[in-house]
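**Student:** what follows is a predicted structure for the sequence shown.
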Amino acid sequence: MVGKRRLNQETLGVLKVTRQAEPIPVGAIIEIRVEPAESDRMMDVVWAGEEYLMFMRDLLDRGEEVLDDEDQPCDGKRLSASG
């Protein structure tokens, strides 16, 4: 499951730095960098440059796989052509 997923429904994530639950909006691109173990319920992900914990089930049920050629910033932080 390593890769990226686009959320099609707002989903809660736990910001690792503060341990606070925050809503992650529809359209957000979530990056999964480490293959989760089958027994893992929560997994480490990255969104908008921050590390979060999210339920694996939420990512499967509320997200869709993003292929590399469709990888566009959909995390509320649009990038301009200049950077």
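**Tutor:** All right, it came through fine.

**Student:** contacts and neighbour counts: CA atoms only from here.
**Tutor:** OK.

**Student:** if I look at the residue sitting nearest the centre point of the chain, how far off is residue 12?
**Tutor:** For the chain, residue 30 is the residue whose C-alpha lies nearest the centre (C-alpha atoms, centre = their mean; 2.1 Å). Applying C-alpha to C-alpha, to the nearest Å, the value for residue 30 to residue 12 is 12 Å.

**Student:** can you check residue 45 too?
**Tutor:** 12 Å.

**Student:** and for these two, which residues touch both?
**Tutor:** Residues touching both residue 45 and residue 12 (C-alpha atoms under 8 Å, 6 or more residues apart in numbering) are residue 54.

**Student:** which one's more surrounded, those two?
**Tutor:** residue 45 (24 against 17; other C-alpha atoms under 10 Å).

**Student:** wait, isn't the more buried one in contact with residue 32?
**Tutor:** Yes: applying C-alpha atoms under 8 Å, one finds residue 45 in contact with residue 32, separated by 4.9 Å.

**Student:** mutual contacts of these two, please.
**Tutor:** With contacts defined as C-alpha under 8 Å, 6+ apart, no residue is shared by residue 45 and residue 32.

**Student:** need the pLDDT of residue 40.
**Tutor:** Looking at residue 40, its pLDDT reads 77.

**Student:** I meant to write residue 33 there.
**Tutor:** Among the per-residue scores, residue 33 shows a pLDDT of 89.

**Student:** who touches it in this structure?
**Tutor:** With C-alpha under 8 Å, 6+ apart, residue 33 has these contacts: 2, 3, 44, 45, 46.

**Student:** how about the helices in the protein?
**Tutor:** Secondary structure of the chain (DSSP state H): helices at 56-62.

**Student:** residue boundaries of the strands in it?
**Tutor:** Under the criterion DSSP state E, the chain contains strands at 3-7, 11-15, 20-24, 29-32, 42-47, 50-55, 63-66.
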